[in-house]
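Undergrad: need a 3D model of the following:
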Amino acid sequence: PLYETLRAIDDLIRQGKVQYVGVSEWTATQMAEGLGTADRYLLDRIVVNQPIYNMFERYIEKEVIPFGERNGIGQIVFSPLAQGLLTGKYTSL
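TA: Numbers count the residues shown, from 1 in each chain. So this is what the prediction gives:
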């Protein structure tokens with residue numbers, strides 16, 4: 001459950017074992033629910049999301065990035081070179 005997950009992360013932050021709350025591949029809707037839960041129970045808020053983002057995977061532009069901007073959630077993308085596809089590593093034979 002979301003509350004239990006955020007509570008566990010909050011406990012780790014209070015113990016000094018973790019500095020910030022971060023999530024990976026969450027949609028804007030999921031982040032909104034997470035922020036609402038954190039605010040409701042006075043837990044540390046999500047500050048970063050880690051979505052996939054490259055020329056082929058651009059779905060975050062429509063909702064995730066604008067939501068993050070409005071709510072102070074940064075984006076640290078992964079796979080910007082599409083697992084090497086955009087480097088020319090793979091060529092057709």
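Undergrad: and the residue most central in space within the chain, its phi and psi?
TA: Central residue of the chain (Cα atoms, centre = their mean): Asn49, 1.6 Å from the mean position. The phi/psi pair for Asn49 (degrees, to the nearest 10) reads phi -120, psi 150.
Undergrad: and Glu69, how many neighbours?
TA: 11 (other Cβ atoms under 10 Å). (Each C-beta comes from the backbone N, C-alpha and C, glycine too.)
Undergrad: and it, what element?
TA: Assigned by DSSP states H and E, Glu69 belongs to helix 64-71.
Undergrad: same thing with Met31?
TA: helix 28-40.
Undergrad: and that helix, how far out from the chain's middle?
TA: 12 Å (Cα atoms, centre = their mean, to the nearest Å).
Undergrad: three-state assignment of Gly16?
TA: Here Gly16 takes the coil state, with states given by DSSP: H, G, I helix; E, B strand; the rest coil.
Undergrad: doesn't Val47 fall inside a helix?
TA: No. Val47 is assigned strand when assessed by three-state DSSP, not a helix.
Undergrad: and for Val77, nearest residue in space, chain neighbours not counted?
TA: The spatially closest residue to Val77, leaving aside those adjacent along the chain, is Tyr53, at 3.8 Å (Cβ to Cβ, 6 or more residues apart in numbering).
Undergrad: so the one you found sits against Leu81, correct?
TA: No. If you go by Cβ atoms under 8 Å, Tyr53 and Leu81 don't touch, sitting 10.7 Å apart.
Undergrad: of those two, who's got more company?
TA: Ranked by neighbour count (other Cβ under 10 Å), Tyr53 and Leu81 place Tyr53 first, with 20 against 12.
Undergrad: could I get the contacting residues of the more buried one?
TA: Applying Cβ atoms under 8 Å, 6 or more residues apart in numbering to Tyr53 gives the contacts Ile60, Gln75, Val77, Phe78, Ser79, Pro80.
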